[in-house]
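**Student:** Build me a structure from this.
(2 chains, ligands or ions: 5)
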There are 2 protein chains.
Amino acid sequence: MASSWLQIPKESPFSLANIPFGIISTKTIATPVPAVAIGDYALNLATFASSDGFALLPAIQSHLNVFYQRTLNAFAALGRPVHRQVREYLQVILKADTPYPHILKDNATLRKQALVAMAEVTSHLPMHIGDYTDFYAGLNHAYNVGVLFRGKENALQPNYRHMPVGYHGRASSVVPSGTAIRRPSGQIVVDPAADPKLPTFSACKRLDVEIELAAFVGVGSNLGEPIPIGEAEDHLFGVVLMNDWSARDIQAWEYIPLGPFNGKNFATTVTPWVILMDALETFRTPGLEPANRESLLPYLREERLNNCFDIHLEFELKNSGGRPTIVSKTNSSNLLFSFPQMLAHHTITGCNVNPGDLLGSGTISGNVPGTEGSLLEQTNGGKRPIRLADGTERLFLEDGDEVVLRGMCGKEGGYVGFGDCVGVILPAIHMG
Amino acid sequence: MASSWLQIPKESPFSLANIPFGIISTKTIATPVPAVAIGDYALNLATFASSDGFALLPAIQSHLNVFYQRTLNAFAALGRPVHRQVREYLQVILKADTPYPHILKDNATLRKQALVAMAEVTSHLPMHIGDYTDFYAGLNHAYNVGVLFRGKENALQPNYRHMPVGYHGRASSVVPSGTAIRRPSGQIVVDPAADPKLPTFSACKRLDVEIELAAFVGVGSNLGEPIPIGEAEDHLFGVVLMNDWSARDIQAWEYIPLGPFNGKNFATTVTPWVILMDALETFRTPGLEPANRESLLPYLREERLNNCFDIHLEFELKNSGGRPTIVSKTNSSNLLFSFPQMLAHHTITGCNVNPGDLLGSGTISGNVPGTEGSLLEQTNGGKRPIRLADGTERLFLEDGDEVVLRGMCGKEGGYVGFGDCVGVILPAIHMG
Ligand SMILES: [Ca+2]
Ligand SMILES: [Ca+2]
Ligand SMILES: [Mg+2]
Ligand SMILES: [Mg+2]
Ligand code: NI
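**Tutor:** Ligands and ions are numbered 1, 2, ... in the order given. Now for the predicted structure:
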């Protein structure tokens, strides 16, 4: 990857190889606008577009309105060929030896207007999320949790390898990185051995993290029309990092038979910069089992075996006043199903999807200690504390804890990363 | 209730006592507009408002913009006192002895412009649905289904009486009455006794109906702030009738451990006219157990014991070329939890709700034969066929079957009803 005429720190997740899209505001830009992240700057695409920044990209001329909106939905709906052209065009404009320096490199006025220091930026949810679906494709996580609850023999449910198991999640409470997370309250069973079980009203005592990738839908589909597996990838807009906060005690009592509800609906944090599918092309890798395996029904078999991504993930915990601790490191290739397989499964009934719909991968864990994507797994079901850098211990999250998830691929100077996925835990509110 | 100067058929669900709100278009009104249903007419509120129809209602003057929108979300967000005033104002304008005949009764020009024959109306989804949640508060249904799957002793899960059990549903596939329903395809297990169980790809063979009430949220709430039970009712905008189409065979294979997904996400049909909460005031009645029972945690206890509605429901099935058959009749008071209890539970974690969010009650069944809210119950789990009026039999829905749900309260000449909730089953699409 070429270098940029902009100073980009070598360790930045937003190298010229990335060019992720987001929605920003600043003190002077009150109404949120689309932007791309580049090093320590955000390039305001509304200003860029209105100052003829896209003059040399004919394909986008009739769609410039997408850059004057408060979400990326309209841009996403234009489809992958357009996303690709816009991203590549911006890379050409931003590279050191750009053939078109008059557009931005040598245009001091536009540089001043359109390049905003990241330190001044407030990032917003990049898309209006019509529906959010959370899958469970992290095989190692499903296995680890299954062992905890049912033992090794029955760890995975009979359906698990046949389909990307998933459930509808709560779209309204998806929030951008940095949003503080209020500890939820609800019904928990203090003594699970009691008969009959009786719930207590309580603040959640087993508040947890789930490291996930999540994909936004770009081009939607019509009700009644499944998306064929071979076309599914082109319906995806891009990928973010996600923390699917989970109240394990609330979930354990409520989830039979209709699945997680209050245990999950209080918040889900995503990184605000969407890495486009094309930016991840060079980081493709197989998932945990072949994408075209015979055991899959044909509607889930992929021709492309590199159907997952080689993204290094880490989960950092910083207790209030303490030092940061890397709790675990894992890799996003620890998935049994890919996003195209999830989308093909989701729509096989004819369920329609819309631009901005969000698909979570499920918790991503490796299969050795130190690679777990949740505290539930790390602490062996809340029984074996982990030690933080300052010597304190944790089973689950405490008030004041700050969780930072990170994901990055590539090499120094050419990183393609998400930036931090951050949330700090606020104490439960006092009820009546 | 007074009579109207408009001719309203005695059996109309849209008597002067109702005044439900919806979104309509016609051949000449291409852009959907808000309206109320009155007898065989829809009153176009955009036209009514722009012609000074609301001149005598000062409270709405600064909010008239809500009547120029394509959904009722903005109107709903104004809150219950405004809904009440607008509905009562329209009742005054429409009653036979209206003190303000110049507004509409004697205003031939506006009558001609604003009153549209229902036969010419296309009804749309009344709200933009940000999130759709389906509860399971129909105790008799939960019991009947539990008996089928687990026997009488364990019919109800331990959590069932302690909380309104629910799950997040698919908002994108909620459709207005009249939308044809494509039979879904997916993974089903033909031989549930096989070990290991192996799925087959198939069109759904056990396509079913679920009769439900559903409430739309009016005023939303903020993330992190539970809605207290005493305030929950005022966050509700109104109620519709809902058919939560269900693919029993797809659901049976997929639902452990994360709940229903593809078995439900292909379509959910709602009636297009929203009956406001105030229109149901006189039809309040207790649910199946006291709303303030000691066994409930305090956040779910209601002071108001009449927390449900006495709405007569019926499920009619008309096979292609056949005669209509009333399959079952039941009553919407067959609920263990009310909508305010559902909303209090939904938000107890701090989950936020938005105007237009939809809450399904769960399937409503009585406890005697002929009152079941689904075919699964009617046919004893697909084992005992029901006989239709023309002598043919049914276990589950066949292609070409038309399902009509109806719900009505009150007396002839003063009915408060939903109108028909209709869907006809189209054959599964041919795959590949
Ligand atoms: Ca998850
Ligand atoms: Ca249902
Ligand atoms: Mg979540
Ligand atoms: Mg449904
Ligand atoms: Ni929406």
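**Student:** Farthest from the middle of chain A: give me that residue.
**Tutor:** residue A:195 (40.3 Å; CA atoms, centre = their mean).
**Student:** any idea how far residue B:349 is from that residue?
**Tutor:** As judged by CB to CB, to the nearest Å, residue A:195 and residue B:349 stand 27 Å apart. (C-beta placed from N, C-alpha, C; glycine too.)
**Student:** before we move on, what about residue A:357?
**Tutor:** Counting by CB to CB, the gap from residue A:357 to residue B:349 is 23 Å.
**Student:** Pick out the residue nearest the middle of chain A.
**Tutor:** residue A:241 (2.6 Å).
**Student:** which residues does whatever residue of the stretch 151-300 of chain A ends up closest to ligand 3 contact?
**Tutor:** Here the residue of the stretch 151-300 of chain A nearest ligand 3 is residue A:268; by CB to the ion that distance is 3.3 Å. By CB atoms under 8 Å, 6 or more residues apart in numbering or on different chains, the contact set of residue A:268 is A:132, A:169-170, A:173-175, A:242-245, A:360.
**Student:** what do you get if the cut-off is 10 Å, keeping everything else the same?
**Tutor:** Listed by CB atoms under 10 Å, 6 or more residues apart in numbering or on different chains, the contact set of residue A:268 reads A:129, A:132, A:134, A:169-175, A:181, A:210, A:212, A:214, A:242-246, A:358, A:360, A:423.
**Student:** Which parts of the stretch 151-300 of chain A are strands?
**Tutor:** Here the stretch 151-300 of chain A has its strands, by DSSP state E, counting those that start in this stretch, at A:166-168, A:174-176, A:181-182, A:185-188, A:200-203, A:207-208, A:211-217, A:236-243, A:246-247, A:268-270, A:275-276, A:284-285.
**Student:** which strands and helices sit next to the first one?
**Tutor:** For strand A:166-168, the contact count by 3 or more CB pairs under 10 Å, 6 or more residues apart in numbering or on different chains; DSSP states H and E identifies strand A:132-135, helix A:339-347, strand A:358-360, strand B:132-135, strand B:166-168 as packing neighbours.
**Student:** Does the second one reach chain B?
**Tutor:** Spelled out, that is helix A:339-347. Yes - residues of helix A:339-347 contacting chain B under CB under 10 Å from any CB of the partner chain: A:345-347.
**Student:** neighbours around whichever residue of the stretch 201-350 of chain A sits closest to chain B, how many?
**Tutor:** As assessed by CB to the nearest CB, chain B sits closest to residue A:259 within the stretch 201-350 of chain A, at 2.3 Å. Using other CB atoms under 10 Å in any protein chain shown, residue A:259 has 27 neighbouring residues.
**Student:** Buried ones in stretch A:69-82, by neighbour count?
**Tutor:** For stretch A:69-82, burial by neighbour count (16 or more other CB atoms under 10 Å in any protein chain shown) applies to A:69, A:71-78, A:80, A:82.
**Student:** could I get these as TSV with pLDDT?
**Tutor:** Converted to TSV, the buried residues of stretch A:69-82 look like this (pLDDT from 0 to 100):
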residue	pLDDT
A:69	98
A:71	98
A:72	98
A:73	98
A:74	98
A:75	98
A:76	98
A:77	98
A:78	98
A:80	98
A:82	98
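**Student:** Can you flag which of those belong to helices?
**Tutor:** Members of the buried residues of stretch A:69-82 lying in helices (criterion: DSSP state H): A:73-77, A:80, A:82.
**Student:** Can you give me the first-to-last residue distance of stretch A:3-21?
**Tutor:** Taking CA to CA, to the nearest Å, the first and last residues of stretch A:3-21 lie 19 Å apart.
**Student:** Domains in chain A, by residue range?
**Tutor:** A:21-124, A:132-309+A:335-380 (automatic domain parsing).
**Student:** ranking the ones you listed by burial, who's on top?
**Tutor:** Mean neighbour count (mean count of other CB atoms under 10 Å in any protein chain shown) peaks for domain A:132-309+A:335-380 among the domains of chain A, with a mean of 22.
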